[in-house]
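Asks: Turn this into a model:
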Amino acid sequence: MDTAYRSFGGEVEASSTPTICRLPDSRRHQLWAIALHIAIGLLACVIQWFGHGIFGNAEFDLILALAIGIGVAFNRVETSWLARQIGKDRCRDAMIVVLLLRLFLTDRQETALLVLSSKFRQSIYMSERNVLSEAGTVAATQGDVACFVKLVCRQAGKPFVVDEFKTDELVATGRATPADIAAMFRARGITYHPKTQATGAEVDTSLSHWWRS
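Replies: Modelled structure (predicted):
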């Protein structure tokens, strides 16, 4: 899920430009609303990052706001100081180059690597086999099982019995210790299954790394 999300961020920024450019002029002049949207998205991102277990979810609103802003800026670039100096077409070309570089340099480009990298495809096939192997072990385990990789328990047909976010919060807030959590598992007959094999594409997923290799 995290992999898809990170790739989604760059694609939203790049794909928003033609969408925003189709907005009528009567809507595009409301730049203050867009600026407010970006500011709120940035504030929400910063506040959420102080929380625990947030990860990339904190950036979602900010990414959408920036995507809208980029689209409007692309469409109205002729009003900028730089466009008056070098021309609006060159400014738009520069924006496109920057967006392409942002996509190229990001560390999450699974969609492109599925086509370009045989090593990445091989890691996907290996991960699939590992998940099936781990699931077989879990399926043979008697009683409930809490898997580090949730997909393994799901493939094994085991019910979801542990909310890891809740248990992590109990430990983080001092309301329980790791030993307390382990004791709770034993008392409820829950077996913990750790991650013993790679169950995801764990090679470098950036295009820049693929290009260098």
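Asks: what about stretch 47-61, start to end distance?
Replies: Its first and final residues considered, stretch 47-61 spans 12 Å by CA to CA, to the nearest Å.
Asks: just how off-centre is it within its chain?
Replies: Distance of stretch 47-61 from the chain centroid (CA atoms, centre = their mean, to the nearest Å) equals 11 Å.
Asks: Return the set of buried residues in that stretch.
Replies: Buried residues in stretch 47-61, counted by 16 or more other CB atoms under 10 Å: 48, 58-61. Any C-beta I mention is one placed from the backbone N, CA and C, and that applies to glycine too.
Asks: Considering those, which member attains the minimum pLDDT?
Replies: Lowest model confidence among these falls on A58, which carries 78.
Asks: follow-up on the earlier one: need the buried residues of stretch 47-61 in CSV with secondary structure and distance to L170, can you?
Replies: Shown next, in CSV, are those (DSSP: H, G, I helix; E, B strand; the rest coil; distance: CB to CB, whole Å):
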residue, secondary structure, distance to L170
Q48, helix, 21
A58, helix, 22
E59, helix, 27
F60, helix, 26
D61, helix, 28
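Asks: Turn these into CSV, including distance to D180.
Replies: As requested, the buried residues of stretch 47-61 are exported to CSV (distance: CB to CB, whole Å):
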residue, distance to D180
Q48, 28
A58, 29
E59, 33
F60, 34
D61, 36
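Asks: so where's the longest helix in this structure?
Replies: helix 118-139 (DSSP state H).
Asks: Now do the buried residues in that helix.
Replies: For helix 118-139, by 16+ other CB under 10 Å, it's 120, 123, 127, 130-131, 134-135, 138.
Asks: And the next helix or strand past that helix?
Replies: Downstream of helix 118-139, the first helix or strand assigned by DSSP states H and E is strand 144-147.
Asks: What average pLDDT does the helix or strand following that following strand get?
Replies: Downstream of strand 144-147, the first helix or strand assigned by DSSP H and E is helix 150-156. Helix 150-156 shows a mean pLDDT of 91.
Asks: contacts for helix 150-156?
Replies: 131-132, 134-136, 138-139, 145-147, 160, 193, 199 (CB atoms under 8 Å, 6 or more residues apart in numbering).
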